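Enquirer: pasting the sequence and the predicted model now:
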Amino acid sequence: MKHKHRHQKSEQESQTPQAVISKRGKVVIAIGIGIVIIGFLVLTKTNPQGDNFASSLSPFLLVGGYITIAVGIIS
């Protein structure tokens, strides 16, 4: 009798929908990873004083890239 109950439970578990990232989401995540990589490459060009273009641009690229990855995971 216990064996039947376990079998029914496993059928119900297999019918539950699983979270899957769509093709569009994967593309958005890939774009986000690219933006993060560009952000780190720009970050290598900063100077110690932090007064050049790279010091101003790299934080926006990094945060924007991570937000883009989050959007890709959600969508």
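Expert: All right, it came through fine.
Enquirer: just checking, Thr46 touches Asn52?
Expert: Yes. Using CB atoms under 8 Å, Thr46 is in contact with Asn52, at 6.5 Å. For every residue, glycine as well, the C-beta is placed using N, CA and C.
Enquirer: more neighbours: which of those two?
Expert: Neighbours were counted for Thr46 and for Asn52 using other CB atoms under 10 Å; Thr46 has more, 17 against 11.
Enquirer: and the more buried one, what element?
Expert: Using DSSP states H and E, Thr46 sits in no helix or strand.
Enquirer: how close does it sit to Gly32?
Expert: Separation of Thr46 from Gly32 (CB to CB, to the nearest Å) stands at 22 Å.
Enquirer: do the same with Val71
Expert: To Gly32, Val71 is 8 Å away according to CB to CB.
Enquirer: among these two, which residue is more densely surrounded?
Expert: Between Val71 and Gly32, counting by other CB under 10 Å, Gly32 is the more crowded of the two (20 against 14).
Enquirer: in terms of pLDDT, where does the residue nearest to the spatial centre of the chain sit?
Expert: Centroid-nearest residue in the chain: Ile69, 3.3 Å away (criterion: CA atoms, centre = their mean). Model confidence at Ile69, given as pLDDT, is 97.
Enquirer: what of Ile21?
Expert: pLDDT recorded at Ile21 is 87.
Enquirer: burial of it, as a residue count?
Expert: Ile21 sits with 13 neighbouring residues when counted by other CB under 10 Å.
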